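*Asks:* Would you be able to build a 3D model of this:
(one chain, ligands or ions: 4)
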Amino acid sequence: GALAATQASTLAFKELPHGYDETMHVAEGYDAKVLIGWGDKVLADAPAFDVDAQTAAAQAKQFGYNNDYIGYFPLPQGSTTSDHGLLAINHEYTDRQLMFKGIGPDDIAAQTKEMIDIEMAAHGHSVIEVKKGADGWNVVDGSKYARRITTSDTEMELTGPAAGHARLQTAADPSGRKVVGTVNNCAGGETPWGTVLIAEENFHGYFTGKIQAVHEVKDGDTAESIAKALSEKAGRAVTVAEVEKLTKGKIEAGKKVKLNVHPEARNYARYGITDEPWYGWANFHDRFDLDKVPNEANRFGWMVEFDPYDPTSMPKKRTALGRMKHEGATTIVNNDGRLIVYTGDDERFEYIYKFVSNGKVSNDRAANSALLDDGTLFVAKLEADGSLLWLPLVHGTGPLTAENGFDSQADVLIETRRAADLLGATPMDRPEDVEPNPVTGTVFANLTNNTKRKDAQVDKANPRPANEHGHVIEMIPPGDRGRAKNHAAQDFTWEIFLLAGNPADAAHGAQYAEGVTANGWLSCPDNMAFDKQGRIWITTDGAPKAGLADGVWAADVEGHGRALTRHFFRTPVGAEMCGPCFTPDSTTLFVAVQHPGDEKGSTFDTPTTRWPDFKDGMPPRPAVVAITKIGGGEIGS
Ligand code: FEO
Ligand code: CA
Ligand code: CA
Ligand code: CA
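*Replies:* Ligands and ions are numbered 1, 2, ... in the order given. Have a look, this model is predicted:
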């Protein structure tokens, strides 16, 4: 029963009830304080936020939109100070209907250039200095560390095996090494030497172009009629023989026949780029139009590293970590000193990856960063018997040869997904955070959901068809189960940690430790953090579909309380919960409330919440929240 369960867990807080309303809630005995939100001052010379007179120039100095990842970097650098540090925060995307008066969610064509430029400036990243005093955490005004990184004007360098390759060159950058901006920065991670890794996730949504000519087969269609339809769309004569090759001779109504048109069509189509972008940036900026700048999209989809302690440092897109819809990337130093990076590709049926450096981590920060350019990328194959194989993505090995269109390691990295397809990696239910537990040494992966998985596609590691609630797996390096250390090994094992959903509803097929309460179950795990004791704190994105607000749930990972999740925090309506991040002493948990009020029918004028200001005329603002225990102490104690 519930009492036994509470005793079984080392987490002592009183559980928060499930719910769904216009504000945030935290477990009794804890304080949640809004630290910074969209439009607040970041740079010393930022103007005060005026939601009715927004400009791109102001936005580029103010806190961006949709905060996701949060990293805490102690001050002074190299210390474990837990009351003074830097927060490095991603701004993943923008919600035009909540930012601009009179603009609906689909009103891209109505957006002015200034609105588009505001969106580009509201993407990227912020670095702020924060300090804890008698009144809790506050942003340090006028900090010398304060920084905004944007899509519009932060210059970055492409490094590693793909840097400089012809497929990364453009008219504006014949070197193939200089790129402006980063986009859709979802989650991230910290390196052992105190730099940030920020992920470029859904980069495809910003680009447009004639990638493929597509025809949906209708009743009565013949190879001739399809050839005619495709000819019109492709702008050239398409032959019947071509159609027969594309359809393999089978013409079935409802099926789509796709003809590659763009020189990068095979690559771009694999990442979902179409002529129907999510944003109207190409209307005003040619580089997002792939008919005009064919290679620009190859310069996105990477992990970006930068030094938060140096506001002038140039961010580096580290191509050795592969090109995909990176959720984030997390690191651990292997028992032999090599750097390990885990990363997930967040889309249905995509893969889990890890990178192993060739060199070892040292005390030299510049040399350490260079480790990210030199190593081997692997992709995970999870077998039914519980074994896990890491398959190397190395040019010239197995199918990764010129015969399959891979002329070099650069090609393997630019088309990481296609390379992983050919190796036979395991398609997962949307890999979000993949993160090593620093206490146990095992690696957790949040698989957020996959409603498209059919019965025939179910496997042991993705065991539910039409997976609405997602699951969490644990990947275990060889050696001592409790304190595994060899992350460079190619042979791991894996286990299901939990299957999310409501355990009281048999139709969900959920699985936790016995005794999870009516409030303790969760849906759609996305990000995670580990506290000092190695307990897992999971944040969710999509729980409203299951009737509850997104929020934070925590569990032990060992002992009786393993996978006994308990509800700690919940967001206002329409929000997802991101960025869980502990101070080194685990007395503060920072969380990011992303897209509050993002619900059907909710707009700038009539939002479903005005959190956190609750002022007429002010729409909801994504914001970062600092959670502390009233009276002090470790979170969860
Ligand atoms: Fe941006 Fe995978 O969530
Ligand atoms: Ca996410
Ligand atoms: Ca994390
Ligand atoms: Ca998500």
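*Asks:* Send me the lengthiest helix in the chain as CSV with only the CA atoms.
*Replies:* Taking DSSP state H as the criterion, the chain has its longest helix at helix 223-234. Output of helix 223-234 as CSV, limited to C-alpha atoms (Å, rounded to 0.1, in the frame of the first residue of the first chain):
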residue,chain,number,x,y,z
ALA,A,223,2.5,4.9,-64.2
GLU,A,224,1.8,7.3,-67.0
SER,A,225,-0.5,9.6,-64.9
ILE,A,226,1.9,9.5,-62.0
ALA,A,227,4.8,10.4,-64.3
LYS,A,228,2.8,13.4,-65.6
ALA,A,229,1.9,14.6,-62.1
LEU,A,230,5.5,14.3,-60.9
SER,A,231,6.8,16.1,-64.0
GLU,A,232,4.8,19.1,-63.1
LYS,A,233,5.9,19.1,-59.5
ALA,A,234,9.6,18.4,-60.3
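*Asks:* continuing past that helix, what's the next helix or strand?
*Replies:* In the C-terminal direction, the helix or strand that comes right after helix 223-234 (DSSP states H and E) is helix 240-247.
*Asks:* relative orientation of that next one and helix 223-234 in degrees?
*Replies:* Counting by axes from the mean of the first three to the mean of the last three CA atoms, to 10 degrees, helix 240-247 lies at 90 degrees to helix 223-234.
*Asks:* List the strands paired with the helix or strand following helix 240-247, with their directions.
*Replies:* Where DSSP H and E defines the elements, the next helix or strand beyond helix 240-247 is strand 256-260. Here strand 256-260 has these sheet partners by DSSP bridges: strand 212-216 (antiparallel).
*Asks:* gap between the strand it pairs with and the chain center?
*Replies:* Between the centre of strand 212-216 and the centre of its chain there are 30 Å (CA atoms, centre = their mean, to the nearest Å).
*Asks:* List the buried residues in it.
*Replies:* Going by neighbour count (16 or more other CB atoms under 10 Å), the buried part of strand 212-216 is Gln212, Ala213, Val214, His215. From N, CA and C alone the C-beta is placed, and that goes for glycine too.
*Asks:* so the third one sits right up against Lys258, yeah?
*Replies:* So that's Val214. Yes: using CB atoms under 8 Å, Val214 is in contact with Lys258, at 5.1 Å.
*Asks:* Name the nearest residue to the closest residue to ligand 2 within the chain, sequence neighbours excluded.
*Replies:* Nearest residue of the chain to ligand 2 (CB to the ion) works out as Asp526 at 4.3 Å. Spatial nearest neighbour of Asp526, chain neighbours left out: Asp541 (4.0 Å); criterion: CB to CB, 6 or more residues apart in numbering.
*Asks:* got the phi/psi numbers for that neighbour?
*Replies:* phi -140, psi 100 (degrees, to the nearest 10).
*Asks:* Distance check, the residue nearest the centre of the chain against Lys113.
*Replies:* Centroid-nearest residue in the chain, with CA atoms, centre = their mean: Glu327, separated by 2.6 Å. Glu327 sits 31 Å away from Lys113, going by CB to CB, to the nearest Å.
*Asks:* Ok, Phe590 next?
*Replies:* Taken as CB to CB, the span from Phe590 to Lys113 is 35 Å.
*Asks:* Those two: which is more packed in?
*Replies:* Using other CB atoms under 10 Å as the criterion, Phe590 and Lys113 rank with Phe590 on top: 22 against 12.
*Asks:* Okay, and that one sits in which element?
*Replies:* strand 588-594.
*Asks:* partner strands of that strand, parallel or antiparallel?
*Replies:* By DSSP bridges, strand 588-594 pairs with strand 576-582 (antiparallel), strand 623-629 (antiparallel).
*Asks:* now, of those, which is deepest in the fold?
*Replies:* Of all the strands paired with strand 588-594, strand 576-582 has the most neighbours on average by mean count of other CB atoms under 10 Å, namely a mean of 26.
*Asks:* does any part of that one sit near ligand 4?
*Replies:* No: using CB under 5 Å from the ion, strand 576-582 never reaches ligand 4; the gap is at least 6.4 Å.
*Asks:* send the alpha carbons of that strand over as CSV?
*Replies:* C-alpha atoms of strand 576-582 as CSV (Å, rounded to 0.1, in the frame of the first residue of the first chain):
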residue,chain,number,x,y,z
GLU,A,576,6.2,21.3,-20.6
MET,A,577,8.8,20.8,-17.8
CYS,A,578,12.5,21.0,-18.8
GLY,A,579,16.0,21.6,-17.6
PRO,A,580,16.1,19.9,-14.2
CYS,A,581,19.5,21.0,-12.8
PHE,A,582,20.9,20.6,-9.2
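*Asks:* Could you confirm whether any residue of that strand contacts ligand 3?
*Replies:* No: taking CB under 5 Å from the ion as the criterion, strand 576-582 and ligand 3 are apart, separated by no less than 6.2 Å.
*Asks:* average model confidence for that strand?
*Replies:* Average pLDDT, strand 576-582: 98.
*Asks:* hmm, it in reach of ligand 1?
*Replies:* No: Strand 576-582 lies out of reach of ligand 1 by CB under 6 Å from any ligand atom, never closer than 8.0 Å.
*Asks:* quick one, helices of the stretch 51-200 of the chain?
*Replies:* Assigned by DSSP state H, counting those that start in this stretch, the helices in the stretch 51-200 of the chain fall at 56-59, 96-99, 113-122.
*Asks:* Asp505: which of those is closest?
*Replies:* Proximity to Asp505 (CB to CB) singles out helix 96-99 among the helices of the stretch 51-200 of the chain, at 32.4 Å.
*Asks:* tell me the contacts of the residue of the chain closest to ligand 2?
*Replies:* Glu432, Asp433, Asn446, Thr448, Ile538, Thr539, Thr540, Asp541, Gly542, Glu576, Met577, Cys578 (CB atoms under 8 Å, 6 or more residues apart in numbering).
*Asks:* Please type out the PyMOL selection for whichever of those residues turn out to be buried.
*Replies:* In PyMOL, a selection of the buried entries from the contacts of Asp526 looks like this (16+ other CB under 10 Å):
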select buried, resi 432+433+446+448+538+539+540+541+542+576+577+578
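*Asks:* Need phi/psi at Asp421.
*Replies:* Note on Asp421: backbone dihedrals following degrees, to the nearest 10 are phi -60, psi -50.
*Asks:* can you check Ala320 too?
*Replies:* Main-chain dihedrals, Ala320, degrees, to the nearest 10: phi -60, psi -20.
*Asks:* What separation is there between it and ligand 4?
*Replies:* Ala320 sits 25 Å away from ligand 4, going by CB to the ion, to the nearest Å.
*Asks:* Look up the pLDDT of that residue for me, please.
*Replies:* 99.
*Asks:* Over to Ala5?
*Replies:* Looking at Ala5, its pLDDT stands at 49.
*Asks:* for Ala484, same thing?
*Replies:* Listed pLDDT for Ala484 reads 65.
*Asks:* now do the one 4 residues further on
*Replies:* The pLDDT attached to Ala488 in the predicted structure is 97.
*Asks:* And for it, the neighbour number?
*Replies:* Neighbours around Ala488, by other CB under 10 Å: 19.
*Asks:* Helix, strand, or coil at it?
*Replies:* Under the three-state scheme (DSSP: H, G, I helix; E, B strand; the rest coil), Ala488 adopts coil.
*Asks:* show me where pLDDT drops low in this protein?
*Replies:* Applying pLDDT under 70 to the chain picks out residues 1-7, 482-484.
*Asks:* which residues touch Val34?
*Replies:* Per CB under 8 Å, 6+ apart, neighbours of Val34: Pro612, Ala623, Val624, Val625.
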